[in-house]
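Engineer: Next comes the sequence, and after it the predicted model I'd like to discuss.
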Amino acid sequence: MTQRTRTAGLPRRAAVASAALAVAALSAGCVPGADRAAEPDASSAAPTAKEALLAAVPDGTEGTFRFSGKDSSSTISGLVDPAGKGTEISTAVKDADLGFTTTISFRIVTEQTWMKVKFSNTKGLTGFPKLPDRWLRLDRERIADAESAPVYEGADVGNAGPLIEAATKVEEQAGGRYAGTIDLTSGEAAKVLAEEEMAALGAKAAAVPFTAQVGPDGNLASFTMRVPAAGAQKAYEYLVQYRDYGSAPKVTAPAGSAAQDAPTAAYELLNG
């Protein structure tokens, strides 16, 4: 769901694009320094609506939690375990021309990463890499762009923090609901969408509407940014949801027969 800021025949080419998207979503994780980017000023009588909303963004103190999200071309879901510096994320991308779907899952514990890949709706198609149905342990040295290799980088995997930080208007409404506009050309928010999408948006990027919901526990439950149509891109929702704070499972390294070293075909997929 994020721009990469740090992530043969048509079937394989589409699969490579899917892998690149998934790596980008993980390697960016959250934009560096974006976890709960601004806390309410203790010296002020009451936080502004923007400060209150930023304080609800996950910063790692809430315990484990689940997340999900979507943008114009993909969906993601997974787990975050801040104490164990672990993340599990799955992204599914459907090829618009051939109709098959590539689902790539990553599990990260500190700086070690495992990957799973599944292709579905492939009837009548050939050329897909043959990969074991196990967690494939990745060697960072074998990933072409080593700096983009996914590692744990923070709790706010959906980049809600930098987006809210770039808000030019935030209004608090009833029931923990917030609404406003975001300047996507400002600061770290400019890195959230892909460069070509930002270029197409032009002046529209300076005032993109959003809504957010904070749960009764004071934690961010959802963030929705309504990206307008631009060029060939239709309007869509950039959605992030966080839930099960403190009750979601921990993220641990796969053990025994559930994992193996990644074969060459896995690196070919990641490296394009």
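Structural biologist: Good, I have the coordinates.

Engineer: Thought T75 was touching I89, still the case?
Structural biologist: No. If you go by CB atoms under 8 Å, I89 and T75 don't touch, sitting 10.9 Å apart. (C-beta placed from N, C-alpha, C; glycine too.)

Engineer: Which residue of those two possesses the greater neighbour count?
Structural biologist: The neighbour comparison of I89 against T75 (other CB atoms under 10 Å) goes to I89, with 25 against 16.

Engineer: how much space between the more buried one and G231?
Structural biologist: I89 is 29 Å from G231, where distance means CB to CB, to the nearest Å.

Engineer: For L54, the count of nearby residues, please.
Structural biologist: 23.

Engineer: That one contacts G161, doesn't it?
Structural biologist: Yes. Here L54 reaches G161: they are 6.8 Å apart, a contact under CB under 8 Å.

Engineer: Strands of this structure, start to end?
Structural biologist: Under the criterion DSSP state E, strands of the chain are mapped to 65-70, 75-81, 86-94, 101-109, 112-120, 135-137, 167-172, 177-182, 208-214, 220-227, 236-243, 259-261.

Engineer: The first one packs against which elements?
Structural biologist: By that I understand strand 65-70. strand 75-81, strand 236-243 (3 or more CB pairs under 8 Å, 6 or more residues apart in numbering; DSSP states H and E).

Engineer: tell me the angle of the shortest one relative to strand 65-70?
Structural biologist: Pointing back at strand 75-81 there. Counting by axes from the mean of the first three to the mean of the last three CA atoms, to 10 degrees, strand 75-81 lies at 160 degrees to strand 65-70.

Engineer: List the pairing partners of strand 75-81 within its sheet, with orientation.
Structural biologist: strand 65-70 (antiparallel), strand 86-94 (antiparallel) (DSSP bridges).

Engineer: can I get the CA coordinates of it in PDB?
Structural biologist: Extracted C-alpha coordinates of strand 75-81, given in PDB (Å, rounded to 0.1, in the frame of the first residue of the first chain):
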ATOM      1  CA  THR A  75      -5.500  -5.600  -0.100                       C
ATOM      2  CA  ILE A  76      -3.300  -6.300   3.000                       C
ATOM      3  CA  SER A  77      -3.900  -7.900   6.300                       C
ATOM      4  CA  GLY A  78      -1.800  -9.200   9.200                       C
ATOM      5  CA  LEU A  79      -0.400  -8.900  12.700                       C
ATOM      6  CA  VAL A  80       1.900  -6.600  14.600                       C
ATOM      7  CA  ASP A  81       3.800  -7.600  17.700                       C
END
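
Engineer: That one: how far from the chain's middle?
Structural biologist: Centroid displacement of strand 75-81 relative to its chain, using CA atoms, centre = their mean, to the nearest Å, is 8 Å.

Engineer: same thing with the last one?
Structural biologist: Between the centre of strand 236-243 and the centre of its chain there are 10 Å (CA atoms, centre = their mean).

Engineer: May I see the buried residues of it?
Structural biologist: Y238, L239, V240, Q241, Y242 (16 or more other CB atoms under 10 Å).

Engineer: quick one: the third one and A155 touch, right?
Structural biologist: No. Applying CB under 8 Å, one finds V240 not in contact with A155, separated by 12.0 Å.

Engineer: which stretches of the stretch 1-150 of the chain aren't confidently modelled?
Structural biologist: Where the stretch 1-150 of the chain drops to pLDDT under 70, the residues are 1-45, 146-149.

Engineer: can you give me the helices in it?
Structural biologist: For the stretch 1-150 of the chain, the helices defined by DSSP state H, counting those that start in this stretch cover 10-28, 49-56.

Engineer: sorry, back to before: could I get the strands of the chain as CSV with distance to K191?
Structural biologist: Below are those laid out as CSV (distance: least, CB to CB, whole Å):
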stretch, distance to K191
strand 65-70, 16
strand 75-81, 17
strand 86-94, 18
strand 101-109, 20
strand 112-120, 22
strand 135-137, 29
strand 167-172, 16
strand 177-182, 13
strand 208-214, 15
strand 220-227, 14
strand 236-243, 14
strand 259-261, 32
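
Engineer: can you tell which of these is closest to V192?
Structural biologist: strand 236-243 (8.0 Å; CB to CB).

Engineer: Please work out which residues outside the closest one touch it.
Structural biologist: 1, 58, 65-72, 158-160, 193, 219-227 (CB atoms under 8 Å, 6 or more residues apart in numbering).
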